[in-house]
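Visitor: Below are the sequence and a predicted model for it; my questions follow.
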Amino acid sequence: MTAAFWKTDTPILLWQVVRENFPVLYSCAENTKIELLKNSENLTFTVFTPMGKAILRVNRPFYHTEEELLAELRWMELIRRDGAVAVPEVYAGIDGNLLQSFVSPQSGTRYFCSLFSFLPGKTVRELHGRELLEKTAGIGAIAASLHRQAEENCEVRRLPRFSWDFENLLGPNARWGSWREYPGLTADDSHLFRETAALIGRRLENYGKSPSRYGLIHSDLHLSNVIADGDALQVIDFDDCGYGWFLYDLGCSLVEYSENLPALTNAWLSGYQTKRSLTEEDCREIPTFLLLRRIVRLGWLSSHSGSDTAKSVGPGYLEQTRRMALLYRKGSEPVEE
């Protein structure tokens, strides 16, 4: 699903609708200025109030149910309560509800929205060298803390969210689009990724979905979704959280990196294991999850070809994914079907 889903409700139109509805929804509306921050999967606005900045997210319609959106916000509340991971506060509206909505007068579409506290700092994606490695280790520790909560907290295990299982990741109707549609794939590439995806599927089936390996995950924990403020790390954008393999978060964190990938992987894993241990079988599947996320991203890029992100991705991404797939197939032991 691309930004084209806005259809008649263009970002500029919805910006105006948001400005008109904000005073009805939130109590901090007096002397408030609202600016469009990002037009991507959702529309994100910066809200300037006399008390400071906040972030308003308007969810794209039809991607989540109302129940799923409420589950995301509830998980963030539980994370903040436990205190192990810093995440934005979700501000309630005038009616006391965390999830608000308004209707577009042009299309009649109902849009859900949420207001979050502004987190200062810069994304880890902006860092380099030793600082990048140190913060990557910190992201590994954050992932481990989230996974421990997902494994141990009964309420978290029951939150209604969709699944990032193999079918939703790489199946014919994958949630983010099919890698098969990626521009520039050759016949050899298609054969390589088809065989690689089948191998990944067999390995994941063998690996299984025990509660120690599979549960609620952020599932988009890339380095632009982690904000560094001095030594502190803060996680944003739980929009794609769902049930999946815990180590899929490793692939999500490092999906944009080709250079220095071994060092970054080791840093992430070292941080992870300060909070949560990994078994030998977990470690054997690390290449699986690194490559899995890269192939899934090919599908996202193909279905979001008009996005700024897709336009910024050069041929090096496909080349590196191809090399990783060849090495993965060469190094993988046969798995019984």
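Guide: Thanks, I have the structure now.
Visitor: Give me the distance from stretch 21-41 to the chain's centre.
Guide: Relative to the chain's own centre, stretch 21-41 is displaced by 24 Å; criterion: C-alpha atoms, centre = their mean, to the nearest Å.
Visitor: could I get that stretch in CSV with only the CA atoms?
Guide: Extracted C-alpha coordinates of stretch 21-41, given in CSV (Å, rounded to 0.1, in the frame of the first residue of the first chain):
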residue,chain,number,x,y,z
ASN,A,21,-10.6,19.3,14.1
PHE,A,22,-7.7,19.6,16.5
PRO,A,23,-9.5,22.0,18.8
VAL,A,24,-12.4,19.6,19.1
LEU,A,25,-10.2,16.7,19.9
TYR,A,26,-7.5,18.0,22.2
SER,A,27,-7.5,20.5,25.1
CYS,A,28,-4.2,22.1,24.2
ALA,A,29,-5.7,23.7,21.1
GLU,A,30,-5.4,27.4,22.1
ASN,A,31,-2.5,29.2,20.3
THR,A,32,-1.5,25.9,18.6
LYS,A,33,0.3,25.7,15.3
ILE,A,34,0.3,22.5,13.2
GLU,A,35,2.9,21.7,10.5
LEU,A,36,3.1,18.7,8.2
LEU,A,37,6.2,16.7,9.2
LYS,A,38,6.1,13.6,7.0
ASN,A,39,4.0,12.1,4.3
SER,A,40,4.7,8.4,4.3
GLU,A,41,2.7,5.4,5.4
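Visitor: for it, what is the average pLDDT?
Guide: Stretch 21-41 shows a mean pLDDT of 88.
Visitor: Run through the residues that contact Leu247.
Guide: Contacts for Leu247 (C-beta atoms under 8 Å, 6 or more residues apart in numbering) come out as Arg213, Asp282, Glu285, Ile286, Phe289. For the C-beta atoms, the positions are set from N, CA and C on the backbone; glycine is no exception.
Visitor: out of those, who has the most neighbours?
Guide: Highest neighbour count within the contacts of Leu247: Phe289, with 24 neighbours (other C-beta atoms under 10 Å).
Visitor: Let's see the pLDDT reported for the closest residue to His218 other than its chain neighbours.
Guide: Leaving aside its sequence neighbours, His218 sits nearest to Cys241 (C-beta to C-beta, 6 or more residues apart in numbering; 5.5 Å). On pLDDT, Cys241 comes in at 98.
Visitor: Over to Gly184?
Guide: Value for Gly184, per-residue pLDDT: 87.
Visitor: can you tell me how far Phe62 sits from Gly108?
Guide: Note on Phe62: its distance to Gly108, by C-beta to C-beta, to the nearest Å, is 14 Å.
Visitor: again, but for Ser270
Guide: Distance, Ser270 to Gly108, using C-beta to C-beta: 52 Å.
Visitor: just Ser163 next, same as before
Guide: Taken as C-beta to C-beta, the span from Ser163 to Gly108 is 31 Å.
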